[in-house]
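Chemist: quick one, what's the 3D model for this:
(one chain, ligands or ions: 4)
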Amino acid sequence: MRPPIPLLILLYVTLSRSMKTVSKRGSVDGCTDWSVDYLKYRVLKGEPVRLKCALFYGYIRANYSQAQSVGLSLMWYRSSGLGHGDFEEPISFDGVRMSKEEDAIWFRPADLQDVGLYSCVLRNSSYCMKVSMSLYVAENDTDLCYNSVMRHTEKAELSKSKDITCPDIEDYIEPGKDPDITWFKECRPKQWRASVLQRRDTLSIREVKEDDIGNYTCEVTFRGLRRTPDHRAHCHRPHRRAGMVML
Ligand SMILES: *[C@@H]1O[C@H](CO)[C@@H](O)[C@H](O)[C@H]1NC(C)=O
Ligand SMILES: *[C@@H]1O[C@H](CO)[C@@H](O)[C@H](O)[C@H]1NC(C)=O
Ligand SMILES: *[C@@H]1O[C@H](CO)[C@@H](O)[C@H](O)[C@H]1NC(C)=O
Ligand SMILES: *[C@@H]1O[C@H](CO)[C@@H](O)[C@H](O)[C@H]1NC(C)=O
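Modeler: Ligands and ions are numbered 1, 2, ... in the order given. Okay, here's the model as predicted:
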């Protein structure tokens, strides 16, 4: 009997979420600035991404429609640097590649030039709240379908079971529907053996074998909120990816 060897699983992650221990940065021009949110958006060039105004997810009670119904307006600004306090410019949306939809900005798809800090400001004449989100766009590694820096690390043991979950895809699943996910190994489609099950967003390997070592990627196909042919063309792009490797 060989002792179980730990395997290292690398999952490509596009969003990293950590505990929201925010501190109020300060008040500029009567606007309460919550500084930069902990949720970082990371995508590959060519992938769509939906960047949501974090104010509605942990800073204030109201959701976007409630805020809108009491007359608050939401504006977006961008600074191309990733440092808080860099010069911010209002965003002009072309409505095609980059559009404002409810409390979010959609990039269909993201491009390297989109890297930066995005600030959403919710205000009326007497009230103003602001928070910023960072977006990082990277290219895939040469001849690979992922960027190694964006991989996610996990461990598994030989002959034990291991579930790999396609990370951070909640925003790209239509409500009430199962996600449309394809798993790849070393960036190629694979005929999985019978004991490897794909359920919803998870690939379950019942008994991890040495042969399972490697880089896994998952792709999510989804449809955008808008149904114009133009958008559909952009939205049927793969989204999330994951990897697994033994070191
Ligand atoms: C916003 O919140 C209200 C009240 O909690 C709820 O009825 C409504 O469905 C929410 N809207 C959205 C778009 O989530
Ligand atoms: C601005 O919004 C705040 C929060 O919703 C509200 O309490 C206040 O009455 C509003 N002020 C005006 C002038 O509408
Ligand atoms: C990697 O990126 C290049 C340039 O964006 C693209 O042409 C190529 O198809 C990508 N490779 C894979 C395997 O996805
Ligand atoms: C996983 O990918 C890395 C490059 O990102 C490569 O060096 C390594 O050989 C791959 N692992 C396997 C088992 O193919």
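
Chemist: break this protein into its domains for me.
Modeler: The record's domain parsing of the chain by automatic domain parsing lists 10-138, 154-246.

Chemist: which one of those lies closest to ligand 1?
Modeler: Closest to ligand 1 of the domains of the chain, according to CB to the nearest ligand atom: domain 10-138, at 3.7 Å. Every C-beta, even on glycine, is put in place using the N, C-alpha and C of the backbone.

Chemist: any residue of that closest one up close to ligand 2?
Modeler: Yes - for domain 10-138, a contact with ligand 2 is found by CB under 6 Å from any ligand atom, at 70-72, 124-127.

Chemist: which one of those residues is nearest ligand 4?
Modeler: When the residues of domain 10-138 next to ligand 2 are compared against ligand 4 (criterion: CB to the nearest ligand atom), the nearest one is residue 72, at 45.7 Å.

Chemist: wait, what's in contact with the closest one?
Modeler: Applying CB atoms under 8 Å, 6 or more residues apart in numbering to residue 72 gives the contacts 122-124, 127.

Chemist: list only buried entries from those.
Modeler: When those are checked for burial by 16 or more other CB atoms under 10 Å, the buried set is 122-123.

Chemist: what does the average pLDDT come to for the lengthiest strand in the chain?
Modeler: When the chain is parsed with DSSP state E, its longest strand is strand 31-44. For strand 31-44, mean pLDDT is 91.

Chemist: repeat for stretch 212-221
Modeler: Rounded mean pLDDT across stretch 212-221 is 86.

Chemist: distance from it to the middle of the chain?
Modeler: Distance of stretch 212-221 from its chain centroid, counting by CA atoms, centre = their mean, to the nearest Å, is 16 Å.

Chemist: quick check, that stretch touching ligand 4?
Modeler: Yes - residues of stretch 212-221 are located near ligand 4 by CB under 6 Å from any ligand atom, namely 213-215.

Chemist: I'd like these as JSON lines, with neighbour count appended.
Modeler: Converted to JSON lines, the residues of stretch 212-221 next to ligand 4 look like this (neighbours: other CB atoms under 10 Å):
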{"residue": "213", "neighbour count": "18"}
{"residue": "214", "neighbour count": "17"}
{"residue": "215", "neighbour count": "22"}
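
Chemist: can you put these in a markdown table and add distance to ligand 1 and secondary structure?
Modeler: Supplementary listing: these in a markdown table, determined by distance: CB to the nearest ligand atom, whole Å; DSSP: H, G, I helix; E, B strand; the rest coil:
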| residue | distance to ligand 1 | secondary structure |
| --- | --- | --- |
| 213 | 43 | coil |
| 214 | 40 | coil |
| 215 | 37 | coil |
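
Chemist: between those residues, which sits nearest ligand 3?
Modeler: Comparing these against ligand 3 with CB to the nearest ligand atom picks out residue 215 as the nearest, at 11.6 Å.

Chemist: what about residue 55, which SS state?
Modeler: What DSSP: H, G, I helix; E, B strand; the rest coil gives for residue 55 is helix.

Chemist: I figured it hits residue 133, correct?
Modeler: No - with contact defined as CB atoms under 8 Å, residue 55 does not reach residue 133; the gap is 10.0 Å.

Chemist: residues shared between the contacts of those two?
Modeler: Common contacts of residue 55 and residue 133 (CB under 8 Å, 6+ apart): residue 120.

Chemist: one step back: now secondary structure too, for the residues of domain 10-138 next to ligand 2, in CSV please.
Modeler: Below are those laid out as CSV (three-state DSSP):
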residue, secondary structure
70, coil
71, coil
72, coil
124, coil
125, coil
126, coil
127, coil
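
Chemist: ranked by average pLDDT, which of the domains of the chain falls at the bottom?
Modeler: For the domains of the chain, mean pLDDT drops lowest on domain 154-246, to a mean of 75.

Chemist: the longest strand of the chain close to ligand 3?
Modeler: No - Strand 31-44 lies apart from ligand 3 when judged by CB under 6 Å from any ligand atom; the minimum separation is 8.0 Å.
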